[in-house]
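In: Got a predicted structure plus its sequence, pasted below:
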There are 2 protein chains.
Amino acid sequence: MTPETALFADDPHMFFPGPVDVPDDAMAAQLKPLFGHRSDRMDELFGAVQERLRKVFCTDSRVYLLACSGSGLQEAAIRNCVRMPHTGAKVVVLVCGGFSQRWHDVAAGCGRTVVKHELPWFEAFTPDVVAAAVEQANTDGNLDAVCLVHNETSTGVMHNLAGISDAIRSAAPNALFLVDAVSSLAGTEIRCGDWQLDICLTSSQKALAVPPGLAIGAVSDRVLERAAEVEGRGWYFDFLNLEAYLARGTTPATPAISLVQSLLIQLDRILEEGLEVRWQRHRHLRDFTRQWAVDRGFSLCVPDEHASMTVTTLAGPRGWDLNAMNQRLAAAGLAVGSGYGKEKGKSFRIGHMGELRIDDLRRLFEIIESCTG
Amino acid sequence: MTPETALFADDPHMFFPGPVDVPDDAMAAQLKPLFGHRSDRMDELFGAVQERLRKVFCTDSRVYLLACSGSGLQEAAIRNCVRMPHTGAKVVVLVCGGFSQRWHDVAAGCGRTVVKHELPWFEAFTPDVVAAAVEQANTDGNLDAVCLVHNETSTGVMHNLAGISDAIRSAAPNALFLVDAVSSLAGTEIRCGDWQLDICLTSSQKALAVPPGLAIGAVSDRVLERAAEVEGRGWYFDFLNLEAYLARGTTPATPAISLVQSLLIQLDRILEEGLEVRWQRHRHLRDFTRQWAVDRGFSLCVPDEHASMTVTTLAGPRGWDLNAMNQRLAAAGLAVGSGYGKEKGKSFRIGHMGELRIDDLRRLFEIIESCTG
């Protein structure tokens, strides 16, 4: 690459599952002059981003853009899609790691009736298991929604979205399917329209490779119909409010303009690379990481069939010194992710999302190997 | 100013009430390398910002930092401070413009019992009026909170915070005083501690002169005691959750790191200028704007005693052509604010916040005058 086309002035240094290294041009876009958020320039920027987001989310409907983290949109999903307990309504939350546990906590914090269906960490939900859980929860026909974290950033488990979506529609046709794709959207195949995802949410700092501070969610018509029946949606996360402003080509509150400028650059980069090429590149990064791990005697914490395209969790061979590796990496200016929550100190996570290439991983692996002596 | 110390490579061009022009160094800070939000570097940045925020908010307690707009913190204030209707609790919202109306809509949207006390636009609440409204609403002792927009960005009305705070404490000692200071904090005297403001919230893109995307709120101990009694606080805006993470020196969700870097630069600039000097500078900008308006035959929409330090709303003399003025300003790359909402086309608003100086206003006024012939 020539300096003009180089993505990074320096090599990427963050190999954890987000925030990820942001290409220089997308970083620099934050410096574009600001303008009023009720101006033609804002409408233009917002329109350009909306058009591209629909392509990247593979949807014909709408994609909302909010100043908040992904957890904010987890809360928005609950507040708009799940009616209050006095109606008899409930929500199933499928929990198999730290971020699906968070979604559970969010739903409970919003005062909803939550049915928690839990698997041990590093295991994945299959369509059959989900169908059974959903049928059981929906015997009274009051199941409003099912929440799934597509790609558990805490474990590196990825779910079969299309299959689980079918299973839910068969078992409980009125239940909305709410998907957290924070660490997978734009890193692997997700077709919000074809797969009938009612909500698919992500945040800026993961596979989109934008600085943190924006959350983005594709939302189906069914969600808006439900929202009209749900009390206490509030204002900031109220989808009917967002929809009313989207119809006028803008947002209810002041958006994080500098981050939206950065997002526009990245959306163009993603569409230029081509969605299917990008998904394939991440698959290669995943396969390369897992093969290297096996070759060097590391244990893969997640079996092949559920292995994430963007996060790989590994445990070292017996006698392996995690602290020594981290110190060696830090000395080289690099970092991997520690095990999440209760896994801290037992395993580590390699994030391979955003604009990383095989050569970036090679550089990382060389340093890790230098610790094995 | 030498180029090294110049705040802006180009002159400021935004004279509306936010977003405002951001000094070059605070813009450039967005380009600092990103890092993990569970890293020592994040804890260090967060600690530095927290220390400075307490000084700027004049409080010894805590200041929360969230990725959202000011409206998000309006919602957080309601969700944490006002109990649900079945408890008998209610909230008084003092409405005299577009943003206090929004706070009303937020409170109603959160399903709370809202007592709306309304004045015509361009009028201000006095301590006496507030005391009477609060006493009336609190006859059953169930008034949980009173919401006031300190500086109505829509009209340019500014309230007597200290006086109103005293009035509320006398009339209803258990009611929390919740203050939206979105367009005034760091532009005029606000002493959160001395004046016993239970919540004082602002957002990044107004008088702090940081790009949009961050909301900031100083929160009293009384608020945390109340929050523990309020159901359905959710997760993203739950102050008890924010408090638990603050105790560990961090935030629950990924913060907008690049915007926090920008904020740090501006907090240092504000403290270097000196809070009282900065407040005085804004008073001069206000007085200069109003004197110029009177001299040129414009009408002041707000009387002297309630005139905002950061936003001045003006109506043109008879025959004055607002569109022609806006075109002339646009040709020079400048913009003022249109009248807000129902005032659009009838008046216009000059924002004089952030890092603007008298000379910047002179440049603006010269162009406006060139339209009067």
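Out: Perfect, I can see it now. Remember, predicted model here, so these are calculated numbers, not experimental data. Numbering: from 1, shown residues only, chains lettered A, B, ... in the order given.

In: So which bits of the stretch 1-150 of chain A are right by chain B?
Out: For the stretch 1-150 of chain A, the residues found near chain B under the criterion CB under 8 Å from any CB of the partner chain are A:13-14, A:16, A:18-19, A:21-22, A:27-28, A:30-31, A:33-39, A:66-72, A:74-75, A:78-79, A:102, A:105-106, A:109-111. Yep, even glycine has a C-beta here, placed from its N, CA and C like the rest.

In: from these, which would you call buried?
Out: A:13-14, A:16, A:18-19, A:21-22, A:27, A:30-31, A:34-37, A:66-72, A:74-75, A:78-79, A:102, A:105-106, A:109-111 (16 or more other CB atoms under 10 Å in any protein chain shown).

In: residue contacts, the residue of the stretch 101-250 of chain A found nearest chain B?
Out: Scanning the stretch 101-250 of chain A for the residue nearest chain B gives A:Gly213, at 2.9 Å (criterion: CB to the nearest CB). Contacts for A:Gly213 were tallied using CB atoms under 8 Å, 6 or more residues apart in numbering or on different chains; they are A:67, A:69, A:204-205, A:256, A:259, B:67, B:213-214, B:255-259.

In: Next step: the buried ones among the residues of the stretch 1-150 of chain A next to chain B restricted to helices.
Out: A:27, A:70-72, A:74-75, A:78-79, A:102, A:105-106, A:109 (DSSP state H).

In: Could you give me the buried positions within the helix or strand of chain A with the lowest mean pLDDT?
Out: Sorting the helices and strands of chain A by mean pLDDT, DSSP states H and E puts helix A:322-331 at the bottom, at a mean of 92. Within helix A:322-331, the residues that qualify as buried by neighbour count (16+ other CB under 10 Å) are A:322, A:325-326, A:329.

In: repeat for stretch A:272-292
Out: Applying a neighbour-count criterion of 16+ other CB under 10 Å, one finds A:275, A:278-279, A:281-282, A:285-286, A:288-290, A:292 buried in stretch A:272-292.

In: do stretch A:175-194 as well
Out: Judged by neighbour count using 16+ other CB under 10 Å, the buried positions of stretch A:175-194 are A:175-192.

In: would you put the C-alpha positions of stretch A:187-197 in PDB?
Out: As requested, C-alpha coordinates have been extracted for stretch A:187-197 and formatted as PDB (Å, rounded to 0.1, in the frame of the first residue of the first chain):
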ATOM      1  CA  GLY A 187     -17.900  -9.000  10.400                       C
ATOM      2  CA  THR A 188     -20.100 -11.900   9.300                       C
ATOM      3  CA  GLU A 189     -23.200 -12.600   7.300                       C
ATOM      4  CA  ILE A 190     -26.300 -11.100   8.800                       C
ATOM      5  CA  ARG A 191     -29.400 -10.500   6.600                       C
ATOM      6  CA  CYS A 192     -31.900  -8.600   8.700                       C
ATOM      7  CA  GLY A 193     -34.600  -8.600   6.000                       C
ATOM      8  CA  ASP A 194     -34.400 -12.200   4.700                       C
ATOM      9  CA  TRP A 195     -33.900 -13.600   8.200                       C
ATOM     10  CA  GLN A 196     -36.700 -11.600   9.600                       C
ATOM     11  CA  LEU A 197     -34.800 -10.100  12.500                       C
END
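
In: now what about that stretch, what contacts it?
Out: Outside stretch A:187-197, the residues that touch it by CB under 8 Å, 6+ apart are A:57-61, A:150-151, A:158, A:161-162, A:165, A:169, A:177, A:179, A:181, A:184, A:200, A:206-207, A:218, A:220, A:275-276, A:278-279, A:282-283, A:309-310, A:353-354.

In: Sort out for me which of those residues are in strands.
Out: Among the contacts of stretch A:187-197, the ones falling in strands (DSSP state E) are A:151, A:158, A:177, A:179, A:200, A:218.

In: Model confidence score at the most centrally placed residue in chain A, please.
Out: By CA atoms, centre = their mean, chain A has its centre lying nearest to A:Val182, at 1.1 Å. pLDDT recorded at A:Val182 is 98.

In: Residue ranges of each domain in chain A, please.
Out: For chain A, the domain assignment from automatic domain parsing gives the residue ranges A:14-21+A:275-370, A:24-270.

In: Show me what the longest helix anywhere in chain A is packed up against.
Out: Taking DSSP H as the assignment, the helix of chain A that covers the most residues is helix A:275-295. Contacting helix A:275-295 under the criterion 3 or more CB pairs under 8 Å, 6 or more residues apart in numbering or on different chains; DSSP states H and E are the following elements: strand A:299-300, strand A:311-315, helix A:358-370.

In: Sheet partners, orientation included, of the shortest one?
Out: Taking DSSP bridges as the criterion, strand A:299-300 pairs within the sheet with strand A:311-315 (antiparallel).

In: Secondary structure class of the residue lying closest to A:Thr251 once chain neighbours are set aside, three-state.
Out: Counting by CB to CB, 6 or more residues apart in numbering or on different chains, the nearest residue to A:Thr251 once its immediate chain neighbours are dropped is A:Tyr245, at 5.5 Å. In three-state terms, and counting by DSSP: H, G, I helix; E, B strand; the rest coil, A:Tyr245 is helix.

In: sorry, back to before: could you tell me how many residues sit around the closest residue to the residue of the stretch 101-250 of chain A closest to chain B other than its chain neighbours?
Out: Spatially, and ignoring its direct neighbours in sequence, A:Gly213 is nearest to B:Ala256 (2.9 Å; CB to CB, 6+ apart). Neighbours of B:Ala256 under the rule other CB atoms under 10 Å in any protein chain shown: 31.

In: Sounds good, over and out.
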